[in-house]
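**Q** What follows is a protein structure lacking sequence information:
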């Protein structure tokens, strides 16, 4: 039988995290966030492959459908996308003939956006933004569980300082798209 050592365990050479196991907790949180980002990226690619629309484009089409013929300002607020970014999205949707811009007859400065027949058809055939499994499991949760999940995710976004950025710097609407975050910074050529 081997004897047990009575020598004290050596202390760490680096300062410990605030509590034992905190680093493991941080690593697990980061891993969970990475899994979410990866799942969003996969779903975004499936969305483009299935209907030719990006997440932001589909969210914009759905908001236009829901609001009728909104102004760009109202649409920007509804989808939580900065006006400059939204203008680019609407430009692309207009080139695809899915939306049309119209100048308001009462206020010529105001421009509204509406779905075309092709836009309505595309929207009717578009898949859901969230994965089917996630939607199914989310629907199975109690109201308080869904509210707790939303609250936790909003808090994570705040903790990551996402709330401090300007809307045109970070479009944080209900769009599940990772924007290829996993690529990392661009390499500089020497």
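**A** Happy to help now that I have it. All values derive from a computational prediction rather than experimental measurement. Residues are numbered from 1 along each chain as shown.

**Q** where in this protein is pLDDT low?
**A** 1-22, 162-190 (pLDDT under 70).

**Q** Look at residue 32 and say how many residues are nearby.
**A** 11 (other CB atoms under 10 Å). Heads up, the C-betas are built off the backbone N, CA and C, glycines and all.

**Q** Let's verify it: helix, strand, or coil?
**A** helix (DSSP: H, G, I helix; E, B strand; the rest coil).

**Q** Quickly note the distance from it to residue 142.
**A** According to CB to CB, to the nearest Å, residue 32 stands 22 Å off from residue 142.

**Q** mind listing the helices for the chain?
**A** All helices of the chain, identified by DSSP state H, fall at 22-51, 55-67, 72-79, 83-95, 117-125, 132-139, 143-159.

**Q** and the first one with helix 143-159, angle?
**A** So the one you mean is helix 22-51. Here helix 22-51 runs at an angle of 100 degrees relative to helix 143-159 (axes from the mean of the first three to the mean of the last three CA atoms, to 10 degrees).

**Q** Helix 22-51 - contacts with which helices or strands?
**A** helix 55-67 (3 or more CB pairs under 8 Å, 6 or more residues apart in numbering; DSSP states H and E).

**Q** Give me the angle between the helix it packs on and helix 83-95.
**A** Counting by the same axes, to 10 degrees, helix 55-67 lies at 80 degrees to helix 83-95.

**Q** Just list what helix 55-67 packs against, helices and strands only.
**A** Checking 3+ CB pairs under 8 Å, 6+ apart, helix 55-67 ends up next to helix 22-51, helix 72-79, helix 83-95, strand 111-115, helix 117-125.

**Q** Go through the ones you listed and name the closest to residue 135.
**A** Taking CB to CB, helix 22-51 is the member of these nearest to residue 135, at 11.0 Å.

**Q** Give the buried residues for the closest one.
**A** Neighbour counts using 16 or more other CB atoms under 10 Å place 37, 39, 40, 41, 43, 44, 47 of helix 22-51 among the buried residues.

**Q** Fine, thanks again, bye for now.
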